[in-house]
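> Any chance you can model this:
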Amino acid sequence: MLVNAWGMKPEVSARSRFTAIDFETANCKRNSACAVAMVRVESGRIVDRVARLIRPPESSFSFSHVHGITWKSVSNEPAFAEVWSSLSCITQNIDFLVAHNASFDKAVLNGCCEHSGIRPPDLPFHCTVLLSRRYFNLGSVSLPCVCRHLGISLSHHDPASDAEACARIMLAVLQHERIGTVVNAR
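Have a look, this model is predicted:
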């Protein structure tokens, strides 16, 4: 049975509906999301993808060297509240959210929601870092390493690519959970 980062054991199956989410942040503040991408999966298939730039509450950018997003890139984009209201439908009627390093993405989601006066979705989060550690015999469970192991295309720190990779990792985990195997090699 799958266990998420908070020790919960929700019913998860290959027929689960979930959304993979990935945030990029401007700086160390958890409300500084400057981009978000989400990939919705139903019955083992990707059915929707969305990615948006976000104008964070302040213009201080510390991580542009990581993801290439600058204040100039987002200064005319909508703030989180507007972006979330247009994207939250992708989390409707799902069983859980999933992220690679879920504690980070959950903290960013909660920080942005709190700053915007929005109630965050009441959904369990699964972490593909923890699941990869459990299911794949790898020295590193970084997103690039797991993707390389599973043959998943990745443009790391592009939120759309990271979210889709996370969804595909979760699908691989669900497939192995369903057939009762642990993947040690391709």
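> Residue 144 touches residue 154, doesn't it?
Yes: contact between residue 144 and residue 154 holds when scored by Cβ atoms under 8 Å: they sit 6.1 Å apart. From N, CA and C alone the C-beta is placed, and that goes for glycine too.
> Pull up the gap between the nearest residue to residue 150 once chain neighbours are set aside and residue 112, please.
Spatial nearest neighbour of residue 150, excluding adjacent residues (Cβ to Cβ, 6 or more residues apart in numbering): residue 172 at 5.4 Å. Residue 172 sits 29 Å away from residue 112, going by Cβ to Cβ, to the nearest Å.
> Looking at those two, which has the bigger crowd around it?
residue 112 (27 against 21; other Cβ atoms under 10 Å).
> Return the distance of whichever strand or helix holds that one from the chain's centre.
Using DSSP states H and E, residue 112 falls within helix 102-116. Centre-to-centre, helix 102-116 and its host chain are 12 Å apart (Cα atoms, centre = their mean, to the nearest Å).
> which residues are in contact with that helix?
Applying Cβ atoms under 8 Å, 6 or more residues apart in numbering, the external contacts of helix 102-116 come out as 4-5, 21-23, 25, 29-33, 54, 57, 79-81, 84, 97, 99, 118-121, 125-130.
> Point out the ones among the residues you listed that are inside strands.
Within the contacts of helix 102-116, residues falling in strands by DSSP state E are 21-23, 25, 33, 97, 99, 125-127.
> Closest to residue 176 out of these?
Of all the ones in strands among the contacts of helix 102-116, residue 176 sits closest to residue 126, with 14.1 Å by Cβ to Cβ.
> tally of neighbours for the closest one?
Neighbourhood size, residue 126 [other Cβ under 10 Å]: 28.
> ok so, going back, so between residue 144 and residue 154, which is more surrounded?
Neighbours around residue 144 and residue 154, counted as other Cβ under 10 Å, are more numerous at residue 154. The numbers are 18 against 13.
> Just want the phi and psi numbers for the more buried one.
Dihedral pair for residue 154: phi -150, psi 130, per degrees, to the nearest 10.
> Find the residue closest to it in space, skipping its chain neighbours.
Leaving aside its sequence neighbours, residue 154 sits nearest to residue 147 (Cβ to Cβ, 6+ apart; 4.2 Å).
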